[in-house]
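**Student:** Pasted the sequence and its predicted model underneath.
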Amino acid sequence: MKSSRQTTLRSQVTVTGIGVHSGSPVSVTIGPADINSGFVFTRADREVAAIAASVIATDFATVLGDHQGPFVSTAEHVLAALRGMGVDNATIEVDGPEVPIMDGSAAPFVDAIDQAGIVQQNAARRFIEVLKPVQVELGESFGELRPYAGGFRAELEIDFANSPIGRQAYAFDLDADSFRRDISRARTFGYMGDVTKLWSAGYALGASLENSVVFDETRVLNTEGLRYADECVRHKVLDVVGDLALAGLPLIGLYRSVRGGHKLNHAVLTALMADRHAWRVVEATEPVLERPVIARRARGHADVAGGMVAVAFAPDVS
Ligand SMILES: [Zn+2]
């Protein structure tokens, strides 16, 4: 749904699985939230906003927390699904310290969003528009955000030399249909040797071939093989959509990275936010229809606008 109005979920929906780090059962319930609330994780009477300032670790996954310590781990895939499907505001209630890993992709969360339905709210959608380039180098990796008028675009390159993953590149213009089709099903991945090391250190206890693509030196170990020939770089795009959701608003800009990961994504976003001249908040004005909007049924759920809608932007002067 490409909307000039903010959106939220019509109803609550619960997804249950296991935590990749603990190996224990966990549930996440996503549901409606008020205008301008963004994405907020809750558990019992504690809540943590899904914003860059809440990031307290990026080693294996994106971990959010506050002065009381860590609150929720593996936040990025559910955030990717919400941002990828064009949801602006949602509560994300977790009953444990991590979001369930499910199949290692964002597809189960996209299915949950379909089940809940997306509704428009009575407020203009707001965006963060990138006004000038910010660049970060971290060891062998490089990332940048640049101005880009066409919405949000990601151009990623990964290079795992001497491995079956090899070099992969992918360019992605974010809209809900492309996210669902090309990105949401890409699973997280790793090497058997690394997983074994994590297991013996007491981490990634829930990691298995059920929720990761696992490689050895020469091949994919999953009997079902890959979902896309370039599934690894597509999963990196998924992680970028989730990690950059922590901007708090959808971005208008181009994100480029080479050999990136959660740490780099967070560093680039933090560098952008730190430079007050590098971005501004803009509001969508009423959409201009480029061609007639044809209502169609998407996977048996609510009617969504199928035509292209060009959203115009104006500075937020509030
Ligand atoms: Zn991931």
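**Tutor:** Right, received. Where do you want to start?
**Student:** Could you check how many residues crowd around residue 63?
**Tutor:** Neighbour count of residue 63, defined by other Cβ atoms under 10 Å: 23. Quick note: C-beta positions are derived from backbone N, CA and C, even for glycine.
**Student:** any idea how far residue 263 is from the residue nearest to it when sequence neighbours are not counted?
**Tutor:** Nearest residue to residue 63 in three dimensions, chain neighbours excluded: residue 57, at 3.9 Å (Cβ to Cβ, 6 or more residues apart in numbering). Going from residue 57 to residue 263 by Cβ to Cβ, to the nearest Å gives 9 Å.
**Student:** And the helices in the stretch 1-150 of the chain, which stretches?
**Tutor:** Remark: helices assigned in the stretch 1-150 of the chain by DSSP state H, counting those that start in this stretch are 76-84, 107-116.
**Student:** Buried deepest among these, which one?
**Tutor:** Of all the helices of the stretch 1-150 of the chain, helix 76-84 has the most neighbours on average by mean count of other Cβ atoms under 10 Å, namely a mean of 28.
**Student:** Relative to residue 212, how far out is residue 159?
**Tutor:** When residue 159 is compared with residue 212 (using Cβ to Cβ), they lie 20 Å apart.
**Student:** Among those two, which residue is more densely surrounded?
**Tutor:** Counted by other Cβ under 10 Å, residue 159 and residue 212 do not tie: residue 212 has more neighbours, with 23 against 15.
**Student:** need the residues of the stretch 201-318 of the chain near the ion, please.
**Tutor:** With Cβ under 5 Å from the ion as the criterion, the stretch 201-318 of the chain comes near the ion at residues residue 239.
**Student:** Okay, now the unreliable bits of the stretch 201-318 of the chain?
**Tutor:** 286-318 (pLDDT under 70).
**Student:** so residue 160 touches residue 166, yeah?
**Tutor:** Yes - using Cβ atoms under 8 Å, residue 160 is in contact with residue 166, at 6.3 Å.
**Student:** neighbour-wise, which of those two wins?
**Tutor:** residue 160 (15 against 12).
**Student:** Contacts only, for the more buried one.
**Tutor:** Counting by Cβ atoms under 8 Å, 6 or more residues apart in numbering, residue 160 makes contact with 166-167, 232.
**Student:** who's more crowded, residue 57 and residue 263?
**Tutor:** A direct count of neighbours by other Cβ under 10 Å for residue 57 and residue 263 places residue 263 higher, at 19 against 15.
**Student:** If we ignore the residues flanking it in sequence, what's nearest that one?
**Tutor:** Nearest-residue entry for residue 263: residue 58, 4.4 Å, with adjacent residues in sequence omitted and distances by Cβ to Cβ, 6+ apart.
**Student:** pretty sure the one you found is touching residue 260, no?
**Tutor:** No - if you go by Cβ under 8 Å, residue 58 and residue 260 don't touch, sitting 11.3 Å apart.
**Student:** Please determine how far the residue nearest to residue 63 is located from residue 135.
**Tutor:** 23 Å.
**Student:** Between the contacts of residue 160, which sits nearest residue 5?
**Tutor:** residue 232 (35.7 Å; Cβ to Cβ).
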